[in-house]
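Enquirer: what follows is a predicted protein model with its sequence.
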Amino acid sequence: MTGLYQLGEEHEELRAAIRALVDKEIAPHAAAVDEDARFPEEARKALVAADMHAVHIPEFYGGQGADAVAACIVIEEVARACASSSLIPAVNKLGTVPLLLSASEELKSQVLPGIAKGEMASYALSEREAGSDTASMRTRARLDGDHWVLNGTKAWITNAGESTWYTVMAVTDPNAAKPANGISAFVVHKDDPGFSVGPKERKLGIKGSPTREIHFEDCTIPADRIVGEPGTGLKTALATLDHTRPTIGAQAVGIAQGALEASIAYVKERKQFGKAIAEFQGLQFMLADMGMKVEAARHLVYAAAAKAERGDPGAGFTASAAKTFASDTAMQVTTDAVQLFGGAGYTRDFPVERMMRDAKITQIYEGTNQIQRVVMARQLLKG
Ligand SMILES: Cc1cc2nc3c(=O)[nH]c(=O)nc-3n(C[C@H](O)[C@H](O)[C@H](O)COP(=O)(O)OP(=O)(O)OC[C@H]3O[C@@H](n4cnc5c(N)ncnc54)[C@H](O)[C@@H]3O)c2cc1C
């Protein structure tokens with residue numbers, strides 16, 4: 001039966017299109033972007049020119065209106081060559097889903113058309129002292145006449161300095177009975193008075209994607225830049241993650257796929273003991289395990305993305321499961337890839353050490369894999 005439990009033609013055509021673009025415009029720069037820890041400008045230009053930088057933006061706002069599985073395919077295919085570049089479509093989605101879920105029509109119309117045209121968005125939830133424990137954040141926003149005034153610092157903000165718009169969660173009611181209910185979400189523009197970005201973090205991987213603190217010093221924004229009602233910001237921020245954890249899973253699947261393909265090519269070429277090392281059954285079994293895990297992770301990621309899009313009640317569990325399984329898979333597969341390359345794998349002459357360094361972050365951001373297990377266990381025990 002055609003079409004039974006498989007991606008449709010449109011998704012496969014999209015994969016072919018984005019893969020061709022990545023091979024031509026993004027892959028050739030991936031090593032240099034990592035080596036020089038520079039923003040992948042070539043990737044941004046190519047993705048924007050092909051309307052692949054934020055495919056999830058609805059057509060009403062000038063976007064592609066692509067579904068959640070399509071967004072995952074784009075991110076996966078970019079990550080297969082360059083994880084840093086895959087954070088352009090991934091974080092454009094992360095920064096804008098809070099608006100799509102909760103913002104007024106006016107605010108959506110103010111922000112989303114620019115993103116559809118190529119501006120970038122970031123998502124600012126974390127602080128130095130409020131990482132896994134998001135509700136303990138200290139950044140404050142107070143209403144002053146027809147403006148909100150923000151003060152504080154957000155940490156670890158992906159693509160900060162490159163983005164035009166920042167979705168920022170801040171405390172508006174410090175006396176709320178539950179701290180989580182005293183947090184609101186706002187959209188801040190890079191040129192708003194009192195907004196600034198800090199220096200780039202020096203990181204293990206995803207070196208082409210800038211990660212910075214962002215500072216608010218009496219940062220003043222119009223009153224209508226609040227996303228939804230006061231006090232709903234953390235709910236919106238966490239609901240967003242149900243939609244975007246699958247995209248981190250997609251990034252992880254892409255990194256793992258890239259490492260698997262590089263490994264297959266290498267073991268066929270490399271000779272020891274008078275034959276290709278691909279002939280050693282010990283290595284064949286490693287490859288089989290790598291391929292098996294990547295395939296399983298990919299299915300889980302697409303299922304999670306689809307569940308989030310459908311509003312399935314089990315979407316939160318599956319989003320966490322997909323992110324965790326795929327990121328653990330990426331770490332295992334890339335580590336095994338380095339092993340299959342032997343000494344060569346440990347050098348920058350081959351891409352697998354970069355992929356291993358890039359894979360690590362997928363186990364940490366958008367909630368560590370420990371926090372994902374907390375989320376999953378809570379769901380299971382609730383029944
Ligand atoms: C490169 C990079 C990019 C990032 N991008 C963004 C971004 O764009 N926007 C944004 O808002 N944030 C971003 N983050 C922040 C990221 O989401 C946090 O680093 C992450 O949520 C963990 O918080 P933390 O670093 O404070 O670790 P901590 O919360 O201090 O955790 C330390 C350790 O304790 C464990 N732990 C904590 N609580 C529990 C618990 N209850 N049970 C079991 N174990 C626990 C954690 O799993 C971890 O192993 C980024 C981080 C990095 C490194």
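Expert: Right, received. Where do you want to start? None of the values given here were measured: they were computed from a predicted structure. Numbering: from 1, shown residues only.
Enquirer: switch to C-alpha atoms for all contacts and neighbour counts from now on
Expert: Will do.
Enquirer: low-confidence ranges in the stretch 1-150 of the chain?
Expert: In the predicted model of the stretch 1-150 of the chain, residues 1-2 satisfy pLDDT under 70.
Enquirer: which non-adjacent residue is nearest the closest residue to the ligand within the stretch 201-350 of the chain?
Expert: Nearest to the ligand in the stretch 201-350 of the chain, going by CA to the nearest ligand atom, is residue 211, at a distance of 5.8 Å. Leaving out its chain neighbours, the residue that sits closest to residue 211 by CA to CA, 6 or more residues apart in numbering is residue 158, at 4.6 Å.
Enquirer: next, the contact list for the one you found, please.
Expert: The contact partners of residue 158, by CA atoms under 8 Å, 6 or more residues apart in numbering, come to 91, 122, 123, 209, 210, 211, 212.
Enquirer: now it: how far from the ligand?
Expert: Distance of residue 158 to the ligand, given as CA to the nearest ligand atom, to the nearest Å: 4 Å.
Enquirer: what residues does the stretch 51-200 of the chain have near the ligand?
Expert: 123, 124, 125, 126, 130, 131, 132, 156, 157, 158 (CA under 6 Å from any ligand atom).
Enquirer: may I see those organised as CSV, with secondary structure added?
Expert: Shown next, in CSV, are these (DSSP: H, G, I helix; E, B strand; the rest coil):
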residue, secondary structure
123, strand
124, strand
125, coil
126, coil
130, strand
131, coil
132, coil
156, strand
157, strand
158, strand
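Enquirer: show me which of the residues you listed are buried.
Expert: 123, 124, 125, 126, 131, 156, 157, 158 (16 or more other CA atoms under 10 Å).
Enquirer: and the helices in the chain?
Expert: Applying DSSP state H to the chain gives helices spanning 9-21, 30-35, 41-49, 68-81, 83-102, 105-117, 233-269, 281-310, 315-341, 352-361, 369-382.
Enquirer: can I get the ones you listed in CSV with distance to residue 171?
Expert: Shown next, in CSV, are those (distance: least, CA to CA, whole Å):
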stretch, distance to residue 171
helix 9-21, 40
helix 30-35, 36
helix 41-49, 33
helix 68-81, 30
helix 83-102, 16
helix 105-117, 20
helix 233-269, 9
helix 281-310, 27
helix 315-341, 24
helix 352-361, 27
helix 369-382, 22
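Enquirer: got these as CSV, with mean neighbour count columns?
Expert: Converted to CSV, the helices of the chain look like this (neighbours: other CA atoms under 10 Å):
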stretch, mean neighbour count
helix 9-21, 15
helix 30-35, 18
helix 41-49, 19
helix 68-81, 27
helix 83-102, 25
helix 105-117, 17
helix 233-269, 25
helix 281-310, 19
helix 315-341, 26
helix 352-361, 25
helix 369-382, 14
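Enquirer: can I see the domain layout of this structure?
Expert: Following automatic domain parsing, the chain resolves into domains at 9-117, 121-234, 235-382.
Enquirer: next one: the last one, is it in contact with the ligand?
Expert: Yes - in this structure, domain 235-382 sits against the ligand according to CA under 6 Å from any ligand atom; the contacting residues are 364, 365, 366, 367, 368, 370, 371.
Enquirer: for that domain, measure first residue to last.
Expert: 19 Å (CA to CA, to the nearest Å).
Enquirer: what's the answer for stretch 15-31, then?
Expert: 23 Å.
Enquirer: which residues does it contact?
Expert: By CA under 8 Å, 6+ apart, stretch 15-31 touches 40, 42-43, 46, 52, 73-74, 77-78, 81-82, 85, 351, 354.
Enquirer: try it again at 10 Å.
Expert: 9-14, 33, 35, 37, 40-47, 50, 52, 70, 73-86, 208, 348-351, 354 (CA atoms under 10 Å, 6 or more residues apart in numbering).
Enquirer: now do the residue of the stretch 201-350 of the chain closest to the ligand: how many residues are near it, please.
Expert: When counting by other CA atoms under 10 Å, one arrives at 22 neighbours for residue 211.
Enquirer: circling back to that earlier point, check the gap between the residue nearest to residue 211 and residue 126 for me.
Expert: Taking CA to CA, one finds residue 158 at 11 Å from residue 126.
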